[in-house]
Structure formats: C-alpha cells, structure tokens
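>>> sequence? don't have it. structure:
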C-alpha cells in the first residue's frame with residue numbers, strides 16, 4: 001500500500017503480505033466471494049484485511 005494505491009504482484013520481491021492458494025481460490029477471494037480462511041498467508045493478516053476488506057465490490 002502506498003499513497004497512490006494498492007499494488008499486487010507476482011514473483012520474487014519484497015511484499016508486506018503474501019496470500020497463496022489455487023488460482024480459483026485467489027480469484028474468488030479478490031472478488032469477495034470466498035473467505036481468507038484456509039489460504040496460506042505470510043505477513044500480517046490484519047494488513048490484508050484492512051487493504052482489501054474495505055474495498056467494496058458492487059454487483060449490478
């Protein structure tokens with residue numbers, strides 16, 4: 001997270017929080033269609049929940 005937004009990346013490099021799972025589980029998580037529980041999380045879970053949990057997805 002920075003002043004310009006949230007960055008997501010793939011591969012090696014410095015990360016604040018890393019979430020690992022199957023591609024389908026990660027896709028569902030990012031669309032708020034699956035809980036974080038059951039996925040592998042490295043780093044503070046609270047940071048992920050703060051950064052992503054507050055992002056609303058509106059279905060129309």
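Received it, and whenever you're ready, just let me know what you need. Just so we're clear, the structure is a prediction, and the values are computed from it rather than from any experiment.

>>> buried ones in the least confident helix or strand in the chain by mean pLDDT?
Ranked by mean pLDDT, DSSP states H and E, the helix or strand of the chain with the weakest confidence is helix 45-53, at a mean of 82. Within helix 45-53, the residues scored as buried using 16 or more other C-beta atoms under 10 Å are 48, 52. Yep, even glycine has a C-beta here, placed from its N, CA and C like the rest.

>>> likewise for stretch 22-33?
So for stretch 22-33, counting by 16+ other C-beta under 10 Å, buried means 25, 29.

>>> give me the contacts around it.
Stretch 22-33 is contacted from outside by 19, 21, 34, 35, 36, 38, 39, 52, 55, 57, using C-beta atoms under 8 Å, 6 or more residues apart in numbering.

>>> got a ChimeraX select line for the buried ones in these?
To isolate the buried members of those in ChimeraX, using 16+ other C-beta under 10 Å:
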select :19,21,34,52
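
>>> dump the contacts of stretch 22-33 into CSV; add secondary structure as well.
CSV is the format used below for the contacts of stretch 22-33 (DSSP: H, G, I helix; E, B strand; the rest coil):
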residue, secondary structure
19, strand
21, coil
34, coil
35, coil
36, coil
38, coil
39, coil
52, helix
55, coil
57, coil
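
>>> got the contacts of stretch 22-33 as TSV, with distance to residue 46 columns?
Below are the contacts of stretch 22-33 laid out as TSV (distance: C-beta to C-beta, whole Å):
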residue	distance to residue 46
19	13
21	19
34	19
35	15
36	11
38	18
39	15
52	11
55	15
57	20
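
>>> need the mean per-residue confidence for stretch 15-26.
Mean pLDDT, computed over stretch 15-26, is 89.

>>> quick one: end-to-end distance for that stretch.
One end of stretch 15-26 to the other measures 17 Å (C-alpha to C-alpha, to the nearest Å).

>>> next: stretch 22-36.
One end of stretch 22-36 sits 12 Å from the other (C-alpha to C-alpha).

>>> please tell me how far residue 16 sits from residue 42.
Going from residue 16 to residue 42 by C-beta to C-beta, to the nearest Å gives 10 Å.

>>> I misspoke; the intended subject was residue 15.
Distance from residue 15 to residue 42, counting by C-beta to C-beta: 8 Å.
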